[in-house]
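> quick one: sequence plus predicted model below, questions after.
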Amino acid sequence: MNTWPLQSLTMEQAQQKQFQLVDIICRHFPGSDFLSGGDLGLVPGLNQPQMTQRVEAVIADFFNAPKAALVQGAGTGAIRSGLAALLKAGETLLIHDAPVYPTTEVIVEQMGLRLIRADFNQLDEVAKAIEAHRPQAALIQHTRQKMDDAYSLEDVIACLNHYGIPSLTDDNYAVMKVEKIGCECGSGLSTFSSFKLFGPAGVGVVVGDDNAVSRVRQSMYSGGSQVQGVQAMEVLRGLVFAPVMHAVQAMVNDRVVAALQSGAIPQVKQALIANAQSKVLLVEFHQPIAEKVLARAHQLGALPYPVGAESKYEIPPLFYRLSGTFRQFDPTLSQRMIRINPNRSGAETVLRILRESCRDL
């Protein structure tokens, strides 16, 4: 069994991401401005909190994009807003030939979109689908939807741009973990949740094309739809810490895989790293003991379920079932494989909990 996970930032690259973001913050927040908690309401002339606008400008600069908007509804809200800015109800959307993430599927149904599928691992199939159906836009999930996904985000976007197809990238679980996100690779819009980046619950980010982001902003006219300045400042603070923390997590994943592949726990058949959807450790057992291992691991201190998939609330390691899209791809895996996200823990903690869970069986 092979996987093709996204290339994580090295610790040095992650530090440079942090330093770059802080440098941009300094340019937008002179003096004590950054120490403000953030304002509320509809500032005349802006129709949004002033601090929210300033944070959006920082985010746009950081991702080398013309414009950014903070939206309600976390990552799902960002995708919904982005698709609504690119498509009208009932139009055609090109997607990867793979199980659709459940919350995205709801958006597709709500908008009445017609889906055209093509295997993004095969660019010639993408080109054929475009020529045959001429979709109005495309949705690309940056992380993997199937275990054998190996497509290059940049190559898929380049193919779409060649045909003039606007694209939206679902960059959840990839932001601050990899060198570039969708809008930095040529996609019209990148969308993601700040909650997965140590920010507040319920706030999403749309960043990219000026006209498309402006349409997102126009849809948020009322005061109740605004992301308040207080929330915006929480988003920015979380982003600062995200790259280094995720680089540490990637290092822990590598150490655990090395230990398991060397036979540290005899019940483990193999271990590998995959983006499913967050970058996690997949552990396959020789026997169908996955459910029993999970039950015991939770008694030993592992988290039994995610809060926001790497949110600021998730400190102990997560021992959990495979993602829904992976289970759809191969339902038999659920009995012999689990996923582990170290979160803020070290390799020793992950191995101890896994070893004791298997030994008790």
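Sure thing, it's come through. Worth saying up front: this structure is predicted, and the values here are computed from it rather than measured.

> which regions of the protein sit below the pLDDT cut-off?
Applying pLDDT under 70 to the chain picks out residues 1, 276-277, 325.

> could you chop it up by domain?
11-242, 244-356 (automatic domain parsing).

> I'd like those written out as CSV, with mean neighbour count added.
(Each C-beta comes from the backbone N, C-alpha and C, glycine too.) Shown next, in CSV, are the domains of the chain (neighbours: other Cβ atoms under 10 Å):
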stretch, mean neighbour count
domain 11-242, 19
domain 244-356, 18
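
> looking at the ones you listed, which is closest to residue 5?
domain 244-356 (4.9 Å; Cβ to Cβ).

> the longest helix along the chain packs against which elements?
If you go by DSSP state H, the chain has its longest helix at helix 229-261. Here helix 229-261 touches helix 11-28, helix 50-62, strand 67-72, strand 203-208, strand 268-275, strand 279-285, helix 347-360, going by 3 or more Cβ pairs under 8 Å, 6 or more residues apart in numbering; DSSP states H and E.

> could you dump these to TSV with distance to residue 114?
Formatted as TSV, those follow (distance: least, Cβ to Cβ, whole Å):
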stretch	distance to residue 114
helix 11-28	38
helix 50-62	32
strand 67-72	25
strand 203-208	23
strand 268-275	28
strand 279-285	32
helix 347-360	44
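
> between the ones you listed, which one is nearest to residue 152?
strand 268-275 (13.4 Å).

> so which elements touch the closest one?
Using 3+ Cβ pairs under 8 Å, 6+ apart, strand 268-275 sits against helix 229-261, strand 279-285.

> show residues contacting that strand.
Residues from elsewhere that reach strand 268-275, judged by Cβ atoms under 8 Å, 6 or more residues apart in numbering: 1-3, 5-6, 143-144, 147, 173-174, 253-254, 256-257, 260-261, 279-286, 326, 336, 354, 358.

> you'd agree residue 164 is in a helix?
No. Going by DSSP: H, G, I helix; E, B strand; the rest coil, the assignment for residue 164 is coil, not a helix.

> distance of it relative to residue 183?
Residue 164 is 17 Å from residue 183, where distance means Cβ to Cβ, to the nearest Å.

> again with residue 175
11 Å.

> now swap in residue 8 and tell me
20 Å.

> same thing with residue 306?
Counting by Cβ to Cβ, the gap from residue 306 to residue 183 is 26 Å.

> next one: residue 15
23 Å.

> list the contacts of stretch 43-59.
Under the contact criterion Cβ under 8 Å, 6+ apart, stretch 43-59 has outside partners 21, 24-25, 28-29, 36, 38-42, 67-70, 205, 207, 217, 220-221, 226-233, 235-236, 239.

> one more time with 6 Å
With Cβ atoms under 6 Å, 6 or more residues apart in numbering as the test, stretch 43-59 has contacts from 24-25, 28, 38-39, 68, 70, 207, 226-229, 232, 236.

> show me where the stretch 1-150 of the chain has helices.
Here the stretch 1-150 of the chain has its helices, by DSSP state H, counting those that start in this stretch, at 11-28, 50-62, 74-86, 102-111, 123-133.

> redo those helices as a markdown table? Include distance to residue 93.
Converted to a markdown table, those look like this (distance: least, Cβ to Cβ, whole Å):
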| stretch | distance to residue 93 |
| --- | --- |
| helix 11-28 | 31 |
| helix 50-62 | 25 |
| helix 74-86 | 7 |
| helix 102-111 | 7 |
| helix 123-133 | 10 |
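
> out of those, the one nearest residue 190 is which?
Closest of those to residue 190 is helix 74-86, at 8.4 Å (criterion: Cβ to Cβ).

> what helices or strands is that closest one leaning on?
Identification of packing neighbours for helix 74-86 by 3 or more Cβ pairs under 6 Å, 6 or more residues apart in numbering; DSSP states H and E yields strand 67-72, strand 189-193, strand 203-208, helix 210-218.

> compare those and give me the one nearest residue 168.
The nearest among the helices and strands packed on helix 74-86, by Cβ to Cβ, is strand 189-193 at 4.5 Å.

> between that closest one and helix 229-261, how big is the angle?
In terms of direction (axes from the mean of the first three to the mean of the last three Cα atoms, to 10 degrees), strand 189-193 departs from helix 229-261 by 80 degrees.
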